[in-house]
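Engineer: Sequence first, predicted coordinates after that:
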Amino acid sequence: MTDTPDTSPWATAALSREVVIARVVDAAPRRVFDAWTDPAQIGLWFGPEGFTLTTHEAEIRPGGLWRFDMVAPDGTVFSNRMRFLRLEAPRLIEIEHGSDSDDDPDRFRMLVTFDAQANGKTVVTLRQMHPSPERREVVIGFGAVEYGAQTLAKLAAHVEAGRAATA
């Protein structure tokens, strides 16, 4: 058997371009994965605190798009587009994320992993790989780490509330 080299951006991840955010969620990986891949659920929790979403298109499958506007509390609208590159239930999702534009030079790769814990919980890890160290610094400067942590907190609340409702 021959080992095939991994040529994905994750294999050659440069710390100078990467942002990593993780959270333990009190739910099984399948439930957390489904919250990411069900168009009826993702719009309920995705995004920082106080932001709302308007979905324009949601086809969550390899090659599919989720196009949405994220509206800040002050009314500022941020157009977004996620292209789903890989979904391996309930283990990982790979996404290309940027503005809702075909030629967004700032789009980045995001790898979301769901690691089962022995206690029925899941460690959710977001790994963003930005196009340059400079772009990474810009997103950190505008709050990407804090906003990402808020987004994962909203995900946790969403799946934990769903688990409690079905218990």
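Structural biologist: Thanks, I have the structure now.

Engineer: what bridges to residue 78?
Structural biologist: Assessed by DSSP bridges, residue 78 has beta-bridge partners residue 70.

Engineer: which residues of this structure fall in strands?
Structural biologist: For the chain, the strands defined by DSSP state E occupy 18-25, 52-58, 65-71, 77-88, 92-98, 108-116, 122-129.

Engineer: and residue 155, what is it in contact with?
Structural biologist: 23, 25, 32, 35, 36, 45, 46, 124 (C-beta atoms under 8 Å, 6 or more residues apart in numbering). To be clear about C-beta, it is placed using only N, CA and C from the backbone, and glycine gets the same treatment.

Engineer: out of those residues, who's nearest residue 59?
Structural biologist: Within the contacts of residue 155, proximity to residue 59 (C-beta to C-beta) peaks at residue 36, which comes in at 13.9 Å.

Engineer: What does the pLDDT read for the closest one?
Structural biologist: Per-residue confidence at residue 36 stands at 97 (pLDDT).

Engineer: Let me know the distance separating it from residue 72.
Structural biologist: Between residue 36 and residue 72 the computed distance is 22 Å (C-beta to C-beta, to the nearest Å).

Engineer: more crowded one of those two?
Structural biologist: Shown here are residue 36 and residue 72; by other C-beta atoms under 10 Å, residue 36 has more neighbours (22 against 13).

Engineer: how near is the more buried one to residue 123?
Structural biologist: Distance of residue 36 to residue 123, computed by C-beta to C-beta: 14 Å.

Engineer: what's the answer for residue 94, then?
Structural biologist: Counting by C-beta to C-beta - residue 94 and residue 123 are separated by 17 Å.

Engineer: do the same with residue 105
Structural biologist: For residue 105, the distance to residue 123 - C-beta to C-beta - is 32 Å.

Engineer: What ranges in this protein fall below the confidence cut-off?
Structural biologist: 1-14, 163-167 (pLDDT under 70).

Engineer: ok, 90 please
Structural biologist: 1-15, 161-167 (pLDDT under 90).

Engineer: which helix in it runs the most residues?
Structural biologist: Longest helix of the chain, by residue count under DSSP state H: helix 144-166.

Engineer: how much does that helix deviate in direction from strand 18-25?
Structural biologist: 20 degrees (axes from the mean of the first three to the mean of the last three C-alpha atoms, to 10 degrees).

Engineer: Tell me how far helix 144-166 lies from the chain's centre.
Structural biologist: Centre-to-centre, helix 144-166 and its host chain are 12 Å apart (C-alpha atoms, centre = their mean, to the nearest Å).
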